[in-house]
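J.: everything below, folded, please.
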Amino acid sequence: MTVTGIVIKNIIRKLLAGQDYRSEIVTLLDAEFLQYVIDFFKRVACAKLDNKDVTADWYKKEFLCSDSFSPQEVAIHSGLNKKTITNMYNSGRKQIVLDASTEHYDTLYDAINSLTEQDSMDIALTIKFRDVSVDLNINESLIVINTLAVKRSALSGGLWSTAGKQVEKPLMATLCALFQVPQKYYDQGNLPDSQRESDFYLFDNANEGFPCEVKLMGKGNPESADAVYARGSRVLVANILSDLNKEQMDANGIFWVELKNIDDYKRFEHVLNALSIPCKPFNGDLQEALDEILPIILSDDVPTSATPQVVLQERTENDDSTTQLLVEFE
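T.: Numbering: from 1, shown residues only. Alright, predicted model coming up:
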């Protein structure tokens, strides 16, 4: 799963403006989910039509026992997320996923049968495809509804995680560009293996590396900032930090930037000065500056978290090309 460059750019713009970026992810989630619903209903309609004279469980036959789907898709069709199976069995092997999916589906089907036998309420879905209508009874309808619920949950978890990872380097590179940090002080192309765990590195004139973490956290999970201690980070950039987080980081010599309110991003200049990294104050129009920076950092369709070669280029020992600024403001 990837997040487009346009979405990453919009997230960066909102983060630096102290705005809630989550609407960008929700919009993308809605689009992907609705497209999945349409495709899934088409497959359900075709499968139901193909099995109209079959008395066995057509859904199980077509959506669980078919070789047309990946183990992850089979798990979703059964009402399970593949990650749940992996956690339960400590294995993601194909046969284990398929066996667990079939077992769960049988249990779910029995539970639905028991429920519908006790309740007089009736639910039916009618899918009309190419002027042909297909009716699903209450049992079949509940199976389909459950599958769609699991799929949306899986999409949601994947998108939030992916967005966080793909924003890390572009956000840090954007902050460096805003404060006119020469490229050599944040060139990510020459990291030793021991320095590849962190999200981003800043460097001083002695080429000492300062590990940086980027955390996009929900309101209910500020403790995610604890990763800075596990990785020995010197800088944390996050959209939300608790007062306790800030106090602990101050006590441990960890610099932090919270992007919660307008102009909060300017605290990054204080971090750069404290680390003896050359920079200049930024007092211009933020959105106009981002109009110049972001097209260099990311293309609209970039599917990865890596910033482009202009930022991550490998430098030869005597190459001073990256002493120049990514973008120079007048």
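J.: where do the helices of the stretch 201-330 of the chain begin and end?
T.: Here the stretch 201-330 of the chain has its helices, by DSSP state H, counting those that start in this stretch, at 227-230, 243-251, 267-274, 286-297, 309-312.
J.: residue contacts, F129?
T.: F129 sits next to 41-42, 45-46 when contact means Cβ atoms under 8 Å, 6 or more residues apart in numbering. Backbone N, C-alpha and C define where each C-beta goes, glycine included.
J.: quickly name whichever of those is closest to S242.
T.: S242 has its nearest neighbour among the contacts of F129 in F41, at 43.5 Å by Cβ to Cβ.
J.: now V74. Nearest residue, chain neighbours left out?
T.: Sequence neighbours aside, S101 is the residue nearest to V74 in space, at 5.0 Å (criterion: Cβ to Cβ, 6 or more residues apart in numbering).
J.: put the buried members of the contacts of F129 into a ChimeraX selection.
T.: Typed into ChimeraX, the line below selects the buried ones among these, using 16 or more other Cβ atoms under 10 Å:
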select :41,45,46
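J.: how about the helix or strand containing Q95: buried residues?
T.: Element membership of Q95 [criterion: DSSP states H and E] is helix 94-118. Buried residues in helix 94-118, defined by neighbour count with 16+ other Cβ under 10 Å: 96-98, 100-101, 104-105, 108-109, 112, 116.
J.: how about those in CSV, adding distance to V257?
T.: Shown next, in CSV, are those (distance: Cβ to Cβ, whole Å):
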residue, distance to V257
I96, 44
V97, 41
L98, 46
A100, 43
S101, 44
H104, 44
Y105, 48
L108, 46
Y109, 51
I112, 50
T116, 55
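J.: I'd say T4 and Q166 touch.
T.: No - here T4 does not reach Q166: they are 9.4 Å apart, not a contact under Cβ atoms under 8 Å.
J.: those two - which one has more neighbours?
T.: For T4 versus Q166, the count of surrounding residues by other Cβ atoms under 10 Å is larger for Q166: 23 against 16.
J.: tell me where the model's unsure across the stretch 1-150 of the chain.
T.: Flagging of the stretch 1-150 of the chain using pLDDT under 70 yields the residue ranges 1-2, 52-56, 85-92, 119-121.
J.: mind listing the strands in the stretch 151-300 of the chain by residue range?
T.: Ranges of strands in the stretch 151-300 of the chain, per DSSP state E, counting those that start in this stretch, are 200-203, 209-215, 235-238, 255-258.
J.: so which elements touch the first one?
T.: With contacts defined as 3 or more Cβ pairs under 8 Å, 6 or more residues apart in numbering; DSSP states H and E, strand 200-203 has these neighbours: helix 138-178, strand 209-215.
J.: quick one: mean pLDDT over that strand.
T.: Throughout strand 200-203, pLDDT has a mean value of 92.
J.: direction included, what does that strand pair up with?
T.: Using DSSP bridges, the strands paired with strand 200-203 are strand 209-215 (antiparallel).
J.: contact partners of the strand it pairs with?
T.: The contact list for strand 209-215 (Cβ under 8 Å, 6+ apart) reads 164, 167-168, 171-172, 191, 195, 197-204, 224-225, 227-228, 231-239, 275.
J.: repeat the analysis, applying 6 Å as the threshold.
T.: For strand 209-215, contacts defined as Cβ atoms under 6 Å, 6 or more residues apart in numbering pick out 168, 171, 195, 198-203, 224-225, 227-228, 233-238, 275.
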